[in-house]
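Undergrad: How does the following fold in three dimensions:
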Amino acid sequence: MGIIFSLIVILLSAVIHEYMHGWMADHLGDPTAKYEGRLTLNPAAHIDLWGSIIMPALIYFATGGGLIFGYAKPVPFNPYNLRDQKYGPAKVAAAGPLANFIVALFFGLILRFYQMDNLSLTSLLAIIVQINLVLMIFNLVPIPPLDGSKVILPFLPFNWQLKLANLERYGFTLVLIFILFGFPLIIPIINFLFNLIVGT
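TA: Numbering: from 1, shown residues only. So this is what the prediction gives:
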C-alpha cells in the first residue's frame, strides 16, 4: 500500500509541478504548452515511464522505503515568446517548485491543526507533504537542467551565465551524481521544513 500510494502521490505532484511551468509560461506570453496539449492536469499528458514509475519504484526499494523520487515529462516552452525576457524564464522555472510547496503547505497545515485519530490517514498526509517538499527542494538545486539553475541565472554575471548554460549538456550526469552523493545535503532542509509546517 505504501509504495503504491507514494507512486501515485509522486506522479500527481510531478504533474502539478509541470502544469504550473506551462501555466506560468502561458501567463507570461508563451502558449507552447497549451498548443502541445500539456496545459492540463491529466497525468496521461505528462507521464514518463522511466521517471514517473520505474525510477521511483527502484529508488524506493533500493533505499528500503527511505526515499522516493521521480519526475514527469518536462513541459516545453519558448523563452523568446515571454514578455519578460530577463526574468520570465526564472519565473517559469520557479512556478513548479512553488506549486509543490503550496501542496505541501496545504496538507501540512491539515496535519498541524486537525487532530486525527486515524494513524493511517495521518501517515498518508505526511507522505504527501514529504514528497512535495522533496520535489521542491531537489528541483531548486542550482544544477542544470534543474529549475534552480534557471531561477538564479538572470541574477548571475554574464560569464557565469555562460558557464552554467554550458553545463546543461552534462545535465543528466550531474543530476545523477547529485542523487547518489549529494542528496543527504538537502535532507536536513526537507526535514526542517516538514517540522516547521506540520509543527512536530
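
Undergrad: for this structure, what spans make up the helices?
TA: Secondary structure of the chain by DSSP state H: the helices cover 2-27, 32-35, 55-62, 88-113, 119-139, 147-152, 158-166, 171-177, 183-198.

Undergrad: which parts of the fifth one are buried?
TA: For helix 119-139, the buried set under the neighbour-count rule, 16 or more other CB atoms under 10 Å, comprises 122, 124-139. For every residue, glycine as well, the C-beta is placed using N, CA and C.

Undergrad: list the helices and strands it packs on?
TA: helix 2-27, helix 88-113, helix 183-198 (3 or more CB pairs under 8 Å, 6 or more residues apart in numbering; DSSP states H and E).

Undergrad: measure stretch 38-56 end to end?
TA: 22 Å (CA to CA, to the nearest Å).

Undergrad: Now it: buried residues?
TA: Applying 16+ other CB under 10 Å to stretch 38-56 flags Arg38, Leu39, Ala45, His46, Asp48, Gly51, Ser52, Met55, Pro56 as buried.

Undergrad: so how far is Leu164 from the residue of the chain positioned farthest from its centre?
TA: In terms of distance from the mean C-alpha position of the chain, Asp117 ranks first, at 30.7 Å (CA atoms, centre = their mean). Asp117 sits 50 Å away from Leu164, going by CB to CB, to the nearest Å.

Undergrad: Pull the contacting residues for Leu67.
TA: Ile59, Tyr60, Val134, Phe183 (CB atoms under 8 Å, 6 or more residues apart in numbering).

Undergrad: Show me the residue at the heart of the chain, geometrically.
TA: Centre-nearest of the chain using CA atoms, centre = their mean is Leu135, 3.6 Å out.

Undergrad: Which residues are in contact with that one?
TA: Counted by CB under 8 Å, 6+ apart, Leu135 has contacts Ile10, Ser13, Ala14, His17, Phe69, Pro97, Asn100.

Undergrad: Which other helices and strands does the worst-scoring helix or strand of the chain on mean pLDDT contact?
TA: Every helix and strand of the chain was ranked by mean pLDDT, DSSP states H and E. The lowest is helix 55-62, at a mean of 77. Judged by 3+ CB pairs under 8 Å, 6+ apart, the packing partners of helix 55-62 are helix 2-27.

Undergrad: re the thing from before, just the closest of the contacts of Leu135 to Arg83, please.
TA: For these, the residue nearest Arg83 by CB to CB is Pro97; the value is 21.9 Å.

Undergrad: Assess the claim that the closest one and Leu140 are in contact.
TA: Yes: if you go by CB atoms under 8 Å, Pro97 and Leu140 touch, sitting 5.3 Å apart.
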